[in-house]
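Q: can you look at this prediction? I've put the sequence above it.
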Amino acid sequence: MDLTALARRREVVLLVLIALLLAAVGARAPVFLTPASLGDVLTDTAILLMLACGQMAVILTRGIDLSVASNMAFTGMCTALLSKYHPELPIAVTLALAPLIGFCLGAVNGALIAWVKIPPIVVTLGTLSAYRGMIFILSGGASVVTHEFSRPYLDFPRQSLFGVSALLWIALVVCAGMAVFLNFSRTGRSLYAVGGNPLAARYVGIGIERCQFLVYCLSGAIAGLCGYLWVSRYAIAFTEVAFGYELTVIAACVIGGVSVAGGIGSVSGCLLGGLFLGIIGNALPVIQVSPFWQMAISGFVILCAVIVNSRSEARKGKLILRETEPPVPAPLQVRPETPS
Amino acid sequence: MEILALSGVSKSFPGVKALDDVRLSLRAGEVMALVGENGAGKSTLVKILTGIEKPDAGEILIDGAPVDFGSPFDAWRAGITAIHQETVMFDDLTVAENIHMGHHPTLGRGPFRRFVDWRAMRAHTSAVLARLEVNISPDTVLRELTVAQKHIVGIAKALSHDSRIVIMDEPTAALSQHEIGELYKIVAQLKAAGKAVLFISHKFDELFAIADRWTVLRDGRFIGAGTIGDVTRDELVTMMVGRRLDQVFPKVTVPIGETVLEVEDLSHPTEFDGISFKLGRGEILGFYGLVGAGRSEAMQALFGITRPSRGRVRIAGREITVRNPSDAIRAGIAYVPEDRQIQGAILPMSITENITLPMVDRVNGGPVLRPKRERALARRFGERLAVKATHWDQPVANLSGGNQQKVLIAKWLATDPAVIILDEPTKGIDVGSKAAVHEFMGELVKSGLAVILVSSELPEILGMSDNIIVMHEGRIRRRFRRAEATAEAVVTAATGGA
Amino acid sequence: MTSLRYEVADRRKAAAADFWLRWEVLLLVLLGIVMLVNSRLSPWFLDYYNLLDSTFNFSEKAIMALSMTLIIVTRDIDLSVASIIALASVFMGLAAQAGAGVPLLVLIGLATGLLAGFANGAIITRFQIPAIVVTIGTMSLFRGIAYVVLGDTAITSYPAGFSWFGQSYLVWSIPFEFVLFLVLAAVFGFVLHFTTTGRRIYAIGNNPVAARFSGIPVDRYRLVLFTLNGLMAGLAAVLLTSRIGSTRPNIAAGWELEVITMVVLGGVSIMGGSGTISGVFIAVFVLGMMTFGLSLMNVPGIVMSVFVGVLLIASIAVPILIRRMLRR
Amino acid sequence: QAQDKVRIAFLVKNLGNRFFDAVRDGGTEAAKELGNVEIIYVGPTSATAEGQIEIINSLMAQRVNAIAISANDTNALIPATKRAMDRGIKVVSFDSAIASEGRIIQVDPSETKLIGAKQVQMMADAMGGEGEFAILSAASTMTNQNNWIAAMKEELKDPKYAKMKLVTTAYGDDQSDKSYRETLGLFKSYPNLKGIISPTSIGIVAAAKAVTDQNLVGKVYVTGLGLPSEMKAAVEAGATKSFAIWNPIDLGYTTTQIAYNLIKGTVKGVPGDEVPAGRMGKVKVGPDGVVVMAEPFTFDKSNVAEYAKVF
Ligand SMILES: Nc1ncnc2c1ncn2[C@@H]1O[C@H](COP(=O)(O)OP(=O)(O)OP(=O)(O)O)[C@@H](O)[C@H]1O
Ligand SMILES: Nc1ncnc2c1ncn2[C@@H]1O[C@H](COP(=O)(O)OP(=O)(O)OP(=O)(O)O)[C@@H](O)[C@H]1O
Ligand SMILES: [Mg+2]
Ligand SMILES: [Mg+2]
């Protein structure tokens, strides 16, 4: 698609890394490579992948959304309580409500950032605490557990269609939707413009505030949806759900080559980044590495990734001397016919 | 007939009145030359015509009907496109997308009618680029292009949309001879196709070559308009600057003393190569070249910002190694950068703090701040340059462009250097301050300093320099003595001619 | 606005108040309100000993907030501080198990912090990567190492004398931790506001490029500041470990955000270049007193975080909105 | 008024945990019987020692008469609780203990040995006395899990368990998602795993959930310590045949009674004391100030539903 040569290279690197990782794990525990087990890994990573997509849209515009995890937990609790006290409600209602609640929480971030013009990190740092606390106030600190949920609430994500769980289908739709939005819609493209060079974006008449507001709503809506999926997957909703998960999400983006300076990033990239973390998380127990290694390893991976990226992102000079000719046109490009 | 008519347009920015009751009219199939000194308000006018800035007052008529551009997109739809002076583009996106950003072509048909049509976009891009006869792939990421190529993409952007009014703000500033030729052809084509062209340039010969009519701005005010046929270059210049040229550059010639700075074969892998020159006490050495010729880069290497790959530098015969700016400052080199807002001033900080920054330890005679001492120094140099401010603790941000520049020069004089490099010292500052800066350069050389003047403005270079070095694509093309330098010869050299 | 007078005054008329001044006034008023409300709501609040004891709850964070202020003023940020505490605490624990004496323990704690901070700064400046990305990485790495070393165990075998740092009182039963914070606040305030170093830090924060063009070794400054920040985290680790006399890998979890909240509430712009130590100093007490008051009413910490989050955003938003209205 | 009332604070590992909610109910029950006793129920949101220390400070400031603590860290709380005791506050720990110098009395819900034995026994019943099984514990800096695991290993030495093999101990950090992931990991690494013991209420739920989701009901059995309300689904699904827990209500009740007597000075709380504990009769203070309650209570299909309503 339109991925920059840079990004392309980066994704290849990631693919290779993931292949190596799988090979290494497979060598020690072949069972890990069975389709079933890989399926489990995918299912287990699905939520992270969706959140990473949402976060990427935010980071593209030079922003950051630290409140995703809290948003997720809050929405999760809302849906959980709903299913506890109104088990008769059809699952469709939950499916519609979750993104909506998340959207509203995201909109609060977006409004404060786009129009009040408070730095994203400050706003989302604030809502990170606020939303988390609201869960406790909402639930009185109590948790909602297995038998209190309505059956459909728990079963829906696990229903399988063509042998693939609904959870995966949802993730597929969300990520694909995001890819289409970013690559094939004018608004999507203008996100890259806003992050890449706000002044230039203004020159071509892109509404910067609009874009900012939009991405936080988007990230919020996805977080909301994931809130429901998370709770139903682990069949428990409590205040601490997904505590600190926002950093894992951001890490996935960073590993996927999304630049916090804005303007650079691709869905495929952050999907790979998310998968990488997902695989590590699921592989460690299998190869009997104590889970206590997980954190250190992912930290190490993040650092390696950003250092690699920094190499390719390093700002070149203006290349004034002509010996250093720009790269020759790609072969596929044909000499165009004369303009109409 | 008239396509576009402006009347009574005014626009002011904090500190400056950029435009004041300006009028302008464009006719189909005509090229209108808009001339004026730096800071006359030309680009501001362009920004208003393209909906980037809103005028404070005045009205814009298209085909006699008043229009109000809510956003640049409105202007674009109204058929106005522009080649902007500064290259404002997206370094991480492809050429194709840079050209179409804000108005991507969509499939227009079927369920996906709102989707961006990449194929059409690429095809269209290569078509436009082909028209300019440049060989750039639509899929190249902009970051990979040279400044000149970026400017070409900027031109392509303006031509990509078949608009009725094309505005060109100093389009040839960064182009080579061949590319300029191509551009002239394009302008001719546009004329033939009955479009209106607004052409802004500081190069008179090209104006006389391609323009049909002219409009002059000075200090944001409308001075006059007419047809090219019945005006002479000198008349235009007089109208632009309000007095005759020779008074504008009050050149004081002082006998050039012993060599203070000697540069030998200064080179950089990608930016410049084999830069060598000598500079004597009391000399003003002019560096001319097209924007992007690599002058700033060379100077910045001299000042320790960028690391040169080879070459040696001597101050007063003693060889020095400059690893970073503080080395340069210690060795007695001062550099007033070209980009005032980014490289020069620390806008939110006070005049005093800006002036004392490079030598804050020396001023305070120790690590502890002594406000009295600092203010005394600021006052001394601030007054020497006649900086206009309410008080010395005033943030530089709310000074006018000219006064900001004065503060920066004061800042560097305070380090009492042996050599001072002025990179585009009068870029975008108004006529008054400009004259002041020029006069002051005279004072500097009288007081025994050696000055390097980097400027893209030919009259300034010709008017102020004792010797002139012309750079082209990162290399020294030719050297002139003041006596033997003619505008034509210098421009030819700068654009790569013999 | 440029006046046309050539006579340029030395300084602005005293009438025009600085913004930061107004900010600190705002914070002071806030503090007053908090104190008042709390003393109304809880009979235990306005008690000399209680108030002093309450400082135990924020002294360590406050100490880190001081160096974090410098970091944020230079447009950087350090999310790894809490993890550095964990790492330093673990190494102290290992040393203690190996039978190291109190002075050596302190030394190890400080050294670990220093090195960790240096690692941050080195990566950030050497590869020119945004600080937030790097410190998200080291945040996992440092705490991760703590987990790897400690796994599911806890280290509690600290020598008797070690408890002094985190549990002892000085004169008039003022906790040592608190006194240390006051002293450090004075030092940091002096350096940032009254020395050329502070001036350069502001210059870097306001415009790194121009600062570099003015001969300031920007990257060296950033490196030093991150190292200093690490050192402060090391110090906090010593105090905290000594206070609770045990080390677990999840020690001080989530503190990085609390520290940054203190700094931002103190009026330090996350965009760099502005903010004062005195602002942060007051903010520390606003937060400390508010949380203490709430805890006296047995309000769960998680509910307090709602107050804190709202306070953080409101305190930034309100002045902006007011100024916008005034401009209308 | 606040002064003449006897105020006993329950400081629990973390809020929003049904087990402790039930403990509180037991406490309030005792409070009613005793009259002018006020129960303060507090705890950090996440189970950390720092959180508990901050709360202890504020409880000291409020001059409560006694603090009953279920500790997140055996030793970390000692400095704080010592300070509290210096100020005349009676400190009692229950469920998860504070080391002896940091409290007067520790109320053990049941004897460590019994708990270990019980779980192994339930596992044996579930998997028919032979095969591989694993343990899924918490992040357990929380001492009690580790003690129970030790007890289980002790019990396994008994020849009648010779055919049972403990393959590994995994740690789910008392987080649902991590415990769940760890369980999946166990299935992969030990294809013929037949059972999982999880001595933590969060772990056992996640494990049972994983078994159900992977359609391993009937192949892998989960047992351990859990709450009826949370395990109801698992038992009905058949992932769990039986699990155990002591009665948190009695635990809270007894703890309150003991704290009250300490405050009133009717007992010192030294080994050998007999503490009157209302409907629980007299409880005996054992060596090292430990009070031990009854053996854990077992739940299965027959009774889980009714108890689920209680806690
Ligand atoms: N965004 C802005 N904020 C403040 N002042 C501005 C701004 N843009 C332009 N100015 C000022 O308005 C005046 C006109 O600027 P403008 O760029 O139009 O000059 P110009 O005619 O294009 O000069 P040049 O020939 O150098 O391009 C200058 O004094 C400039 O400093
Ligand atoms: N990397 C770049 N990409 C796009 N435009 C650039 C770039 N660098 C500079 N420019 C444009 O070129 C103009 C001059 O840039 P600059 O002065 O740095 O060129 P230079 O290399 O210094 O050559 P010279 O100083 O001789 O003009 C600036 O106004 C800027 O808009
Ligand atoms: Mg211009
Ligand atoms: Mg230049």
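A: Looks like it arrived, so ask away. Ligands and ions are numbered 1, 2, ... in the order given.
Q: check the stretch 101-250 of chain D for the residue nearest ligand 2 and tell me.
A: D:D177 (46.6 Å; C-beta to the nearest ligand atom). The way it works is simple: take the backbone N, C-alpha and C, and place the C-beta from them, glycine included.
Q: which residue sits closest to that residue, ignoring its sequence neighbours?
A: Counting by C-beta to C-beta, 6 or more residues apart in numbering or on different chains, D:D177 lies nearest to A:Y234, which is 5.6 Å off, once chain neighbours are set aside.
Q: what's around the one you found, how many residues?
A: By the measure other C-beta atoms under 10 Å in any protein chain shown, the count of residues near A:Y234 is 26.
Q: check contacts around it.
A: D:S176, D:D177, D:Y180, D:A206, D:K209 (C-beta atoms under 8 Å, 6 or more residues apart in numbering or on different chains).
Q: same question, A:V58
A: Contacts of A:V58 (C-beta under 8 Å, 6+ apart): A:I64, A:D65, A:P120, A:V215, A:Y216, A:L218, A:S219.
Q: measure the residue nearest to D:D177 to A:V145 for me?
A: Computed with C-beta to C-beta, to the nearest Å, the distance linking A:Y234 and A:V145 is 10 Å.
Q: repeat that for D:S46.
A: 18 Å.
Q: and A:T187, by the same measure?
A: In terms of C-beta to C-beta, A:T187 sits 41 Å off from A:V145.
Q: go on, A:L42?
A: 26 Å.
Q: of the two, who's got more company?
A: A:V145 (26 against 20).
Q: ok, the more buried one - contacts?
A: A:A235, A:I236, D:R18, D:V205, D:S229, D:E230.
Q: just the pLDDT at it, thanks.
A: Each residue has a pLDDT score; the one for A:V145 is 77.
Q: sketch out the low-pLDDT regions of the stretch 151-300 of chain B for me.
A: The stretch 151-300 of chain B contains residues with pLDDT under 70 at B:174-177, B:242-250.
Q: all strands for it, in order.
A: Here the stretch 151-300 of chain B has its strands, by DSSP state E, counting those that start in this stretch, at B:165-169, B:196-200, B:213-218, B:221-227, B:259-267, B:275-280, B:284-289.
Q: can you list the residues of the stretch 201-328 of chain C near chain B?
A: Residues of the stretch 201-328 of chain C found near chain B (C-beta under 8 Å from any C-beta of the partner chain) are C:202-203, C:206-207, C:209-217, C:273-274.
Q: picking up where we left off before, mean neighbour count and distance to C:I155 added to the strands of the stretch 151-300 of chain B, as a markdown table?
A: Listed next are the strands of the stretch 151-300 of chain B as a markdown table, based on neighbours: other C-beta atoms under 10 Å in any protein chain shown; distance: least, C-beta to C-beta, whole Å:
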| stretch | mean neighbour count | distance to C:I155 |
| --- | --- | --- |
| strand B:165-169 | 25 | 69 |
| strand B:196-200 | 24 | 73 |
| strand B:213-218 | 22 | 76 |
| strand B:221-227 | 15 | 78 |
| strand B:259-267 | 19 | 59 |
| strand B:275-280 | 18 | 62 |
| strand B:284-289 | 27 | 66 |
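Q: which one of those strands lies nearest to D:A162?
A: strand B:259-267 (82.4 Å; C-beta to C-beta).
Q: what residues does the closest one touch?
A: Here strand B:259-267 has contacts from B:272-281, B:298, B:301-302, B:308-317, B:333, B:418-419, B:450, using C-beta under 8 Å, 6+ apart.
Q: which strands border it, and is each parallel or antiparallel?
A: Sheet pairing of strand B:259-267 (DSSP bridges) gives strand B:275-280 (antiparallel), strand B:310-315 (antiparallel).
Q: so how far is B:R314 from the closest residue to chain B within the stretch 151-300 of chain C?
A: Residue of the stretch 151-300 of chain C nearest chain B, by C-beta to the nearest C-beta: C:G215 (3.9 Å). Distance of C:G215 to B:R314, given as C-beta to C-beta: 20 Å.
Q: of those two, who's got more company?
A: Ranked by neighbour count (other C-beta under 10 Å), C:G215 and B:R314 place C:G215 first, with 23 against 16.
Q: and that one, backbone torsions?
A: phi 90, psi 10 (degrees, to the nearest 10).
Q: what of B:H391?
A: According to degrees, to the nearest 10, B:H391 has phi -160, psi 160.
Q: just checking, B:L142 touches B:D91?
A: Yes. Under the criterion of C-beta atoms under 8 Å, B:L142 makes contact with B:D91 at 5.1 Å.
Q: out of these two, which sits in the busier spot?
A: B:L142 (22 against 19).
Q: tell me the contacts of that one?
A: B:M89, B:F90, B:D91, B:D92, B:L93, B:T94, B:V95, B:N98, B:K150, B:V153.
Q: can you give me the distance of it to B:E271?
A: For B:L142 relative to B:E271 (C-beta to C-beta), the value is 18 Å.
Q: again, but for B:L236
A: Counting by C-beta to C-beta, the gap from B:L236 to B:E271 is 35 Å.
Q: what does D:A244 give?
A: Separation of D:A244 from B:E271 (C-beta to C-beta) stands at 76 Å.
Q: ditto for D:P44
A: D:P44 is 59 Å from B:E271, where distance means C-beta to C-beta.
Q: so which residue is dead centre in the chain?
A: Picked chain A for this. Taking C-alpha atoms, centre = their mean, the centroid of chain A lies closest to A:A52, which sits 0.9 Å from it.
Q: wait, chain C was what I had in mind.
A: Mean-position check on chain C, C-alpha atoms, centre = their mean. Result C:A65 at 0.7 Å.
Q: what's the strand or helix carrying it packed up against?
A: Secondary structure from DSSP states H and E places C:A65 in helix C:59-73. Counting contacts by 3 or more C-beta pairs under 8 Å, 6 or more residues apart in numbering or on different chains; DSSP states H and E, helix C:59-73 packs against helix C:176-194, helix C:196-206, helix C:218-244, helix C:255-265, helix C:277-296.
Q: wait, C:L321 touches A:V116, no?
A: Yes. Counting by C-beta under 8 Å, A:V116 is a contact partner of C:L321 at 6.7 Å.
Q: what is the mean pLDDT for stretch D:102-119?
A: 82.
Q: distance between the ends of that stretch?
A: In stretch D:102-119, first residue to last residue: 30 Å (C-alpha to C-alpha, to the nearest Å).
Q: what parts of chain C come near chain D?
A: C:42-44, C:47, C:50, C:53-54, C:56-57, C:152-154, C:156, C:163, C:166-167, C:240, C:243-246, C:248, C:250-254, C:292, C:295-296, C:298, C:300-302.
Q: tell me, which of those make contact with chain A?
A: C:D152, C:A253, C:G254, C:P300, C:I302.
Q: export the residues you listed to CSV and tack on neighbour count, distance to D:G102 and pLDDT?
A: Below are those laid out as CSV (neighbours: other C-beta atoms under 10 Å in any protein chain shown; distance: C-beta to C-beta, whole Å; pLDDT from 0 to 100):
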residue, neighbour count, distance to D:G102, pLDDT
C:D152, 21, 21, 69
C:A253, 19, 22, 81
C:G254, 16, 25, 80
C:P300, 24, 24, 83
C:I302, 24, 26, 82
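Q: so A:F156 makes contact with A:P90?
A: No. Using C-beta under 8 Å, A:F156 is not in contact with A:P90, being 10.2 Å away.
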